[in-house]
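*Asks:* this one's sequence-less:
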């Protein structure tokens, strides 16, 4: 055994030497975006050996299963060099290091990882922290919340009582659960107003982890069951284990985002659902939340239209780039009322870079914007009254016939979902094909989801609303993005993304509640890329009257300087006005 062990060690040393040599050669010939991860992998594998870990798994999410983790949890970026993606799973063994990620990030991962890593196209001890090493929340003003946190707690307790399995406690481990329930926001996660926290809500008590500087806010004139007991963040597992020892307790958890370390403690005393009543309640915006979120989108639209107007004249001069455009739109947003920065890293992509669904420019990859290529910008803002997300694709020159057809078919998909009428409680997955049908007719498609929920100064991707199989059914007052696209490798990318809210639909017969979508994004579509011969009369009228007319009438109230630009770019509305004048004459 000793001889075999020595041979194994010798083989490993030889393997590491070869890897180092190959990697030195490899990095010399790869772009500057690549990070040499040889020493990091050596350190990780060395840390795995005494712990008898044969394979180490690194997920993209943190302990709260947040999709976009904060800097302290960006383990995949540190270990692999792949730093521009929000999804992925890493597995490291003694001999192999592999990253799995979805189609949005294949090209980016390929560009950013060195040859230590293999890209695959879609444990208790934190060993990675051993290798890597390792602001308090603020209170939301009542004008942005509508309800006090005590009112929300009462409502959630009512839902606990209505649950047929009679849970005695509700565990909140998703970061936006505690933030929404207590009207709090933080800054622990980039671009997202979240803070690290857990909450255990019972009928008699409230346990909250790691919010010690908010004692006065949470316990001001508290009465019995509304008094918040503040606990240590790192002791949440021990506190939960102590609670489940009590007789007759049952803990309600959301299975989609509760980590296994907590699940394991309460596995025999569980009441489960995909999402907690906090997330499903937060998904349905009340009248005030709807109003202020609409207002945030109006101000955000002004910023994006200012960008498009600037690019219209700046790009032909030949000096603007992907990065300068991203900086400009962020600057425009920062001047809007109640702005709190971008809601995610801006996707500013021209030509072949736009074929990468979630590309973000860097100093190494930045490209000049030209009149000969398409340009895609996906950006959003955080405001005290709402979160925004919008994508527009434009062309400043003469697009090809294929580009115009692809854009128009993507637009047709956006329109078809936006104007569809459906029974309340219809799942998004049952109508998602409407966004793809026009593309499918000519053999085109896209590899990402069609939409996601969005919050009131929360996450730009807010569960559980959307068009996936694991999203909740649509009811009135839900906000979702609608974002079909098409991406031609190494050539161009198209995405048209709007945010819409579910509202009651007007139907001839009212035998049950029907809904439709009301678009709250107010930025026009590029006139040069629309092939009106492909659109039906109803689709033309939707763009001209339901959308572009609304944009002109609303945005001009906020900025008269944009009027001429809007009338020029809102071509279908302009044509409609002329046709109506002709008829009247």
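*Replies:* The structure has been received and is ready for your questions. Since the model is a prediction, treat every value here as computed from it, not as a measurement.

*Asks:* low-scoring stretches of this structure, by residue?
*Replies:* 1-32, 66-69, 103, 122-136, 141-143, 210-213, 220-221, 223, 571-585 (pLDDT under 70).

*Asks:* could you tell me how far the most centrally placed residue in it is located from residue 191?
*Replies:* Nearest residue to the geometric centre of the chain (CA atoms, centre = their mean): residue 461, 3.2 Å. Per CB to CB, to the nearest Å, residue 461 is found 11 Å from residue 191. Heads up, the C-betas are built off the backbone N, CA and C, glycines and all.

*Asks:* quick one, strands of the stretch 201-350 of the chain?
*Replies:* Here the stretch 201-350 of the chain has its strands, by DSSP state E, counting those that start in this stretch, at 206-209, 228-231, 251-254, 270-273, 339-342, 347-350.

*Asks:* what do you get for the stretch 351-500 of the chain?
*Replies:* Under DSSP E, counting those that start in this stretch, the stretch 351-500 of the chain gives strands at 374-379, 381-383, 386-387, 390-395, 422-423, 452-453, 462-466, 479-482, 485-488, 492-495, 498-504.

*Asks:* would you list these in a markdown table and tack on mean neighbour count and distance to residue 274?
*Replies:* What follows is the strands of the stretch 351-500 of the chain, written out as a markdown table (neighbours: other CB atoms under 10 Å; distance: least, CB to CB, whole Å):
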| stretch | mean neighbour count | distance to residue 274 |
| --- | --- | --- |
| strand 374-379 | 26 | 28 |
| strand 381-383 | 27 | 27 |
| strand 386-387 | 30 | 23 |
| strand 390-395 | 23 | 28 |
| strand 422-423 | 16 | 21 |
| strand 452-453 | 26 | 14 |
| strand 462-466 | 25 | 7 |
| strand 479-482 | 26 | 17 |
| strand 485-488 | 22 | 27 |
| strand 492-495 | 26 | 28 |
| strand 498-504 | 21 | 20 |
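
*Asks:* want to throw those strands into a markdown table with distance to residue 249?
*Replies:* Shown next, in a markdown table, are the strands of the stretch 351-500 of the chain (distance: least, CB to CB, whole Å):
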| stretch | distance to residue 249 |
| --- | --- |
| strand 374-379 | 45 |
| strand 381-383 | 38 |
| strand 386-387 | 36 |
| strand 390-395 | 46 |
| strand 422-423 | 39 |
| strand 452-453 | 32 |
| strand 462-466 | 26 |
| strand 479-482 | 36 |
| strand 485-488 | 47 |
| strand 492-495 | 47 |
| strand 498-504 | 37 |
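
*Asks:* any idea what the closest residue to residue 444 other than its chain neighbours is bridged to?
*Replies:* Counting by CB to CB, 6 or more residues apart in numbering, residue 486 is the residue found nearest to residue 444 once chain neighbours are left out, at 5.4 Å. Legend: beta-bridge partners of residue 486 under DSSP bridges are residue 494.

*Asks:* and for residue 501?
*Replies:* residue 479, residue 518.

*Asks:* same check on residue 383?
*Replies:* residue 339, residue 386.

*Asks:* related to what we said a few turns ago, out of the strands of the stretch 201-350 of the chain, nearest to residue 313?
*Replies:* Shortest distance between residue 313 and the strands of the stretch 201-350 of the chain, using CB to CB, is found for strand 347-350: 16.9 Å.

*Asks:* how about the strands in the stretch 1-150 of the chain?
*Replies:* With DSSP E, counting those that start in this stretch as the criterion, the stretch 1-150 of the chain has strands spanning 55-59, 89-93, 97-101, 118-121, 138-139.

*Asks:* go through these and pick out the most buried.
*Replies:* strand 97-101 (a mean of 20; mean count of other CB atoms under 10 Å).

*Asks:* packing partners for it?
*Replies:* Here strand 97-101 touches helix 75-80, strand 89-93, strand 118-121, going by 3 or more CB pairs under 8 Å, 6 or more residues apart in numbering; DSSP states H and E.

*Asks:* got the angle between it and strand 89-93?
*Replies:* 170 degrees (axes from the mean of the first three to the mean of the last three CA atoms, to 10 degrees).

*Asks:* so what strands line up beside strand 97-101?
*Replies:* strand 89-93 (antiparallel), strand 118-121 (parallel).

*Asks:* could I get those as TSV with distance to residue 549?
*Replies:* As requested, these are exported to TSV (distance: least, CB to CB, whole Å):
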stretch	distance to residue 549
strand 89-93	47
strand 118-121	44
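
*Asks:* residue 156 is nearest to which of the ones you listed?
*Replies:* Closest among those, using CB to CB: strand 89-93, at 32.7 Å.

*Asks:* and that closest one with strand 55-59, angle?
*Replies:* 160 degrees.

*Asks:* hmm, who's touching strand 89-93?
*Replies:* If you take CB atoms under 8 Å, 6 or more residues apart in numbering as the criterion, strand 89-93 is touched by 41, 44-45, 48, 54-60, 75-76, 79-80, 97-101.

*Asks:* grab the nearest non-local neighbour of residue 314.
*Replies:* Closest to residue 314 by CB to CB, 6+ apart is residue 320, at 4.9 Å.

*Asks:* and for residue 60?
*Replies:* Residue 60's closest residue in space is residue 88 (CB to CB, 6+ apart), at 4.9 Å.

*Asks:* Provide a list of residues in contact with the one you found.
*Replies:* By CB under 8 Å, 6+ apart, the contact set of residue 88 is 60, 76, 82, 99-101, 105, 109.

*Asks:* and which of the residues you listed is nearest to residue 298?
*Replies:* residue 105 (32.6 Å).

*Asks:* surely the closest one is in contact with residue 84?
*Replies:* Yes - between residue 105 and residue 84 there is a contact under CB atoms under 8 Å: 7.4 Å.

*Asks:* identify the contacts common to the two.
*Replies:* residue 358.

*Asks:* of those two, which one has the most company?
*Replies:* residue 105 (24 against 20; other CB atoms under 10 Å).

*Asks:* please tell me how far that one sits from residue 340.
*Replies:* The value you get for residue 105 to residue 340, if CB to CB is used, is 27 Å.

*Asks:* then residue 320?
*Replies:* Distance, residue 320 to residue 340, by CB to CB: 26 Å.

*Asks:* residue 312 is in contact with the residue nearest to residue 314, correct?
*Replies:* No - using CB under 8 Å, residue 320 makes no contact with residue 312, being 11.0 Å away.

*Asks:* pick out whichever of those two has more residues nearby.
*Replies:* Under the criterion of other CB under 10 Å, the comparison of residue 320 against residue 312 puts residue 320 first, with 19 against 14.

*Asks:* hang on, the earlier thing: out of the strands paired with strand 97-101, which is closest to residue 277?
*Replies:* strand 89-93 (29.7 Å).

*Asks:* report the distance from the closest one to the chain centre.
*Replies:* 24 Å (CA atoms, centre = their mean, to the nearest Å).

*Asks:* circling back: surely the residue nearest to the centre of the chain and residue 452 touch.
*Replies:* Yes - with contact defined as CB under 8 Å, residue 461 counts as touching residue 452 (4.7 Å).

*Asks:* quick revisit: as a markdown table, the helices and strands packed on strand 97-101 with distance to residue 146 would be great.
*Replies:* Putting these into a markdown table (distance: least, CB to CB, whole Å) gives the following:
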| stretch | distance to residue 146 |
| --- | --- |
| helix 75-80 | 38 |
| strand 89-93 | 39 |
| strand 118-121 | 45 |
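
*Asks:* of all those, which one comes closest to residue 547?
*Replies:* strand 118-121 (36.7 Å).

*Asks:* OK, contacts around residue 350?
*Replies:* 322, 367-370, 373-376.

*Asks:* show me which of these is closest to residue 308.
*Replies:* Out of these, the member with the shortest distance to residue 308 (by CB to CB) is residue 375, at 9.9 Å.

*Asks:* tell me the bridge partners for that closest one.
*Replies:* According to DSSP bridges, beta-bridge pairing links residue 375 with residue 350, residue 394.

*Asks:* that one against residue 399, yeah?
*Replies:* No - contact criterion CB under 8 Å: residue 375 and residue 399 do not qualify, at 11.1 Å.
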